[in-house]
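Asks: Structure of the sequence below:
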Amino acid sequence: MLHRSHGHCKVDIMKRLYSILVENRSGVLSKVSGLFARRCFNIDSLAVGETDDPAVSCITIVSSGDKGTLEQIEKQLNKKIDVIKIKTFSEEESISRELMLVKVKYTKANRREIMEICEILDAKIVDMSKNLMMIQICDTPDKTALLIQMLRSVAIVEVARTGTLALQRCQLSD
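Replies: Here you go, the predicted structure:
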């Protein structure tokens, strides 16, 4: 949890994950993301895809703000006609993953270092040419950020990330 000071008040900034089941039709993602834009709510990450039912999509949004802002986001999402169900949870209550592809320029001198970084972080080299290497990682958002940080010493050419996918942890009572 972050603490930000506004004048003499201290505001706790929290991250919240929203798993939103919506009707899978055109314009729904625009309506949901538009709600955030109109109300100046921040989206830290957004990922969307079909569920096991092709008529339903799951939108996973990571947002941050104070407690009141996060509650307001949930209330506004519940008012949307295309929204079927919303689950909200904290990072601690979930298992989250992010997929990232990183293309790096390599030389004979740094090739071994890049391969060792991949081995340590459980990333895979998925494509190679004479001087370029493409690395894939599917892990927590913290681990994907760490990979970027570790590869900054070599020349990063391009990065593509999915955004965070998350599901609430399995409960003992399930």
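
Asks: Any stretches of the protein with poor pLDDT?
Replies: 1-11, 174 (pLDDT under 70).

Asks: For it, which segments count as helices?
Replies: Shown for the chain, the helices assigned by DSSP state H span residues 28-38, 67-78, 111-120, 141-151.

Asks: Determine which of those helices approaches residue 57 most closely.
Replies: For residue 57, the closest of these is helix 28-38, at 7.2 Å, according to C-beta to C-beta. Every residue, glycine included, has its C-beta placed from N, CA and C.

Asks: send the alpha carbons of the closest one over as PDB?
Replies: Taking C-alpha atoms only, helix 28-38 is exported to PDB below (Å, rounded to 0.1, in the frame of the first residue of the first chain):
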ATOM      1  CA  VAL A  28     -18.500  -3.400 -24.500                       C
ATOM      2  CA  LEU A  29     -14.800  -2.900 -23.800                       C
ATOM      3  CA  SER A  30     -15.100   0.700 -25.000                       C
ATOM      4  CA  LYS A  31     -18.000   1.300 -22.600                       C
ATOM      5  CA  VAL A  32     -16.100  -0.200 -19.600                       C
ATOM      6  CA  SER A  33     -12.800   1.700 -20.400                       C
ATOM      7  CA  GLY A  34     -14.800   4.800 -21.100                       C
ATOM      8  CA  LEU A  35     -16.200   4.700 -17.600                       C
ATOM      9  CA  PHE A  36     -12.700   4.900 -16.200                       C
ATOM     10  CA  ALA A  37     -11.700   7.700 -18.600                       C
ATOM     11  CA  ARG A  38     -14.800   9.900 -17.900                       C
END
